[in-house]
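1. sequence and computational prediction follow.
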Amino acid sequence: MLVLAFPAQAFATNCYVVAPAAGEQCLVVDPGIGVVEQLRAVLTEHRLKPAAVLLTHGHVDHVHSVTPVCTTGDDADLTAYIHADDRYRLADPAASLDPQLVAMFEQQFGRAWSWREPPRVESIVDHQHLDLAGLGVDVAHAPGHTEGSVMFTLPGTPDGIPVEAERTVLAGDVLFAGSVGRTDLPGGDHEAMMRSLRDVVLPLADDTLILPGHGPATTMERERATNPYLKGL
């Protein structure tokens, strides 16, 4: 399995490209702020063609580029997949942002905020299995950071990763290396996050590779042993 990752221009949000191999169809996961040009370069270098976009949740730093990715050039009419409980966020991901933060975006990117939903959006639910781009993806609903936060699980691990793991989890902002997603933003819920960590994250096998929404990759074995938010659950 080929997994390529690069940070967005704001908040260092990880955008992932996942494919069975170079020259195949691929999935784009969490296209954040200002990723379009870099994503195009990655796709060209590895001869990949997007088949769909997966969104771990609806915060603007994870979905900002979803519409251009879904509608530009040969990639037109791609479907964006998001959990039903975060579907409303695609109406305007900036609606819950502080106006000063929106102004910062406008200053950095040189244009007024504008938003258009991707034309094709499919709501997903807990335990749903997706067959996309030659890959089998399982959905795990893990609310707390947002109402509709999910993790996507794929069998196997990326080529060239120097760890022994049986599966890969794209964790979004549920689990990070040494930390977890914040719950103090609109739609966040600390108690829901604690339940998700206990019931969804902790049962993951130690030989699970975690690819988080921000920061470096980790393993479930490492997080179980060292992540302070998981201890005592």
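-> Received it, and whenever you're ready, just let me know what you need.

2. could you use CA atoms for every contact and neighbour count after this?
-> Will do.

3. next structured bit after the helix or strand bottoming out on mean pLDDT in the chain?
-> When the helices and strands of the chain are scored by mean pLDDT, DSSP states H and E, helix 99-109 comes last with a mean of 70. Under the assignment DSSP states H and E, the closest C-terminal helix or strand after helix 99-109 is strand 121-124.

4. that next one pairs with which strands?
-> Paired neighbours of strand 121-124 in the sheet (DSSP bridges): strand 79-83 (parallel).

5. name the residues that touch the strand it pairs with?
-> Here strand 79-83 makes contact (Cα atoms under 8 Å, 6 or more residues apart in numbering) with 51-58, 66, 70, 118-125, 141, 148-150.

6. buried only: go through the residues you listed for me.
-> 51-58, 66, 70, 118, 121, 124-125, 141, 148-150 (16 or more other Cα atoms under 10 Å).

7. in strands, which of those appear?
-> 51-54, 121, 124, 141, 150 (DSSP state E).

8. max pairwise distance over those: which two?
-> Spanning the widest gap among those are A51 and H141, at 22.4 Å by Cα to Cα.

9. tally of neighbours for the closest residue in space to P20 that isn't next to it in sequence?
-> What sits nearest to P20 in space, not counting adjacent residues and going by Cα to Cα, 6 or more residues apart in numbering, is M1, at 4.6 Å. Other residues within reach of M1, judged by other Cα atoms under 10 Å, total 16.

10. same thing with H83?
-> The burial count for H83: 24, using other Cα under 10 Å.

11. with the one 4 residues further on instead?
-> Residues within reach of R87, counting by other Cα under 10 Å, total 18.

12. repeat for G187
-> Using other Cα under 10 Å, G187 is surrounded by 14 other residues.

13. hang on, isn't it packed against G148?
-> No: between G187 and G148 there is no contact under Cα atoms under 8 Å: 9.0 Å.

14. hey, where'd the strands end up in this structure?
-> Using DSSP E, strands in the chain cover 2-7, 14-19, 25-29, 49-54, 79-83, 121-124, 129-132, 135-141, 150-155, 167-172, 175-176, 179-180, 208-212, 218-219.
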